[in-house]
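In: curious how this folds, go ahead:
(one chain, ligands or ions: 1)
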Amino acid sequence: MAVAAAMAAAAAAAFPGYTPPLPTTTFNITPVTHLGPFTLRLHVRPRRAAAITAAAAATLREVCAGRVPDHVLQRAEEVGYVVPTEVQEQSLPLLLSGQDCILHAQTGSGKTLAYLLSVFSAIDFSRSSVQALVVVPTRELGIQVTKVARLLAAKACTVMALLDGGMLKRQKSWVKAEPPAIIVATVPSLCQMVERRAFTLQSIRVLVIDEVDFIFGSSKQVSSLRKILTSYSAASSRQTIFASASIPQHNRFLHDCIQHKWTKGDVVHVHVNPVQPMPSHLCHKYVSERSKKAGNPPSTSAVVEFLRNSYKGSLDVLLLEEDMNFNARAASFSDVKGRGFMLVSTDIASRGFDLPQTSHIYNFDLPKTATDYLHRAGRTGREPFSRLECGVTTLITEDEHFVLQRFQNELKFHCEELPLESMFTLTS
Ligand SMILES: Nc1ncnc2c1ncn2[C@@H]1O[C@H](COP(=O)(O)OP(=O)(O)OP(=O)(O)O)[C@@H](O)[C@H]1O
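Out: Next up, the predicted model:
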């Protein structure tokens, strides 16, 4: 279970570059099951926005000139997207010329804006038809991407979210009556709508699959994803963009893209920071805990209950996990965007979740794979705060040392042992 501890303000999520004043706070937590009588000290630091890429040669407006409508660029600037991040600088010239692309860059590097600008450059704002489709793995990521797309579109076109737990029946008649230009969808909701003939994907100009390795890795979703890529629309008639911070065996994936006609034959792999997949400013620590049993993390509800009792009145502790109903998930999600908080979450929040001011991640269990570790860690150290040092602390058992070492070798990062006594204060 990943525990993202952060002091954040909603405005920072919606308006990059905005820095609300934050107090420095140290929280003492007594972890729940295996740690018994210890107090865990959580430090939450205030952090200031860093100037993003002062050294970047051109502004976003210059990179997109003549390709992205002026009103979209205007909105982007108002929101705070002025200078392109590295992945945007590298990919936008290709994306805006209509090239199929695999965007492969570190977590929090700004892939969403890169592919959305491509979407806005390709759609015809005067046409009433579904022209762009962004496929996401989770409802929460869908809400986030929809929000950025709406922010950029202002009222120039409609962006509809077709997400699990949504009102698909009602949305079906809306899509038919007034087709939105852009749809952001999870795979099951999208397939339901297409199978019920609410709309076709024939007129799609841009198809984006975000967190592509995650969706391909789900046995439940993979056959539907293949249909979206090949049966419902043809690669030759659209621009196809895949995005993720991790594309294991990317050469093989590139080969498959061409072989299976998921993309055109001249698809480009934009790989930013290939040598260092993990953002370098993250500070990794681990605590070896003798009484902890591998693969036996405390339940989320136990952790939440404990933390809520410990922080009554001083800190909001929120929960986000798959088992919650969609309304409760939506409430938690909008709450975390609203004020300072500590979020207790399962891996549902480990992909794409963008809370830019998250400064600490606490892994109560060791993630199963190096890729999972990378994505959980990537919830911190995100643009525009990425130049500041952020921390990832993982509780492991003695048996898990070698697994963590394997992750370090694979992702090329260094994880320092945190002596138990510097992290815990004996309270009994
Ligand atoms: N050019 C820019 N200027 C300022 N902020 C930016 C810029 N581009 C993106 N951001 C901000 O950077 C943060 C991370 O962006 P985004 O969510 O797109 O990352 P990502 O690469 O998709 O990460 P992940 O792989 O974790 O999903 C967001 O808060 C976004 O608003």
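In: any idea how far the most centrally placed residue in the chain lies from the ligand?
Out: Note on the chain: the residue nearest the mean C-alpha position is G352, at 0.8 Å, using Cα atoms, centre = their mean. G352 sits 4 Å away from the ligand, going by Cβ to the nearest ligand atom, to the nearest Å. Where you see a C-beta, it was placed from the backbone N, CA and C, and this is true even at glycine.
In: skipping its backbone neighbours, what lies nearest that residue in space?
Out: Closest residue in space to G352, ignoring its immediate chain neighbours: L141 at 3.9 Å, by Cβ to Cβ, 6 or more residues apart in numbering.
In: so who does the one you found touch?
Out: L141 makes contact with D210, E211, R351, G352, F353, according to Cβ atoms under 8 Å, 6 or more residues apart in numbering.
In: so which strand or helix has it?
Out: Element membership of L141 [criterion: DSSP states H and E] is helix 139-153.
In: hmm, that helix in reach of the ligand?
Out: No. Applying Cβ under 6 Å from any ligand atom, one finds helix 139-153 separated from the ligand by no less than 6.9 Å.
In: can you list the strands that the following helix or strand past that helix pairs with?
Out: Next along the chain after helix 139-153, taking DSSP H and E as the criterion, comes strand 159-162. Next to strand 159-162 in the sheet, as set by DSSP bridges, lie strand 182-186 (parallel).
In: beyond the strand it pairs with, next helix or strand please.
Out: Following strand 182-186 in sequence, per DSSP H and E, is helix 187-195.
In: in stretch 200-218, which residues are buried?
Out: By 16 or more other Cβ atoms under 10 Å, the buried positions in stretch 200-218 come out as 201, 204-216.
In: check stretch 279-293 too.
Out: P279, L282, C283, H284, Y286, V287, S288, E289, K292.
In: how far off centre is it?
Out: Here the centre of stretch 279-293 is set off from its chain's centre by 22 Å, with Cα atoms, centre = their mean, to the nearest Å.
In: next helix or strand past the helix or strand Y286 falls within?
Out: According to DSSP H and E, Y286 maps onto strand 282-288. Using DSSP H and E, the helix or strand that follows strand 282-288 in sequence is helix 300-310.
In: the ligand contacts on this structure?
Out: Going by Cβ under 6 Å from any ligand atom, the residues of the chain near the ligand are 16, 52, 60, 80-81, 83-85, 88, 107-113, 245, 352, 354, 356, 378, 382-384.
In: so which of the buried residues of stretch 200-218 sit within helices?
Out: V212, D213, F214, I215, F216 (DSSP state H).
In: can you put these in a markdown table and add distance to Y311 and pLDDT?
Out: Putting these into a markdown table (distance: Cβ to Cβ, whole Å; pLDDT from 0 to 100) gives the following:
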| residue | distance to Y311 | pLDDT |
| --- | --- | --- |
| V212 | 38 | 96 |
| D213 | 36 | 94 |
| F214 | 32 | 94 |
| I215 | 36 | 94 |
| F216 | 39 | 93 |
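In: low pLDDT regions in the chain?
Out: Flagging of the chain using pLDDT under 70 yields the residue ranges 1-57, 166, 291-297, 332-340, 384-387, 420-428.
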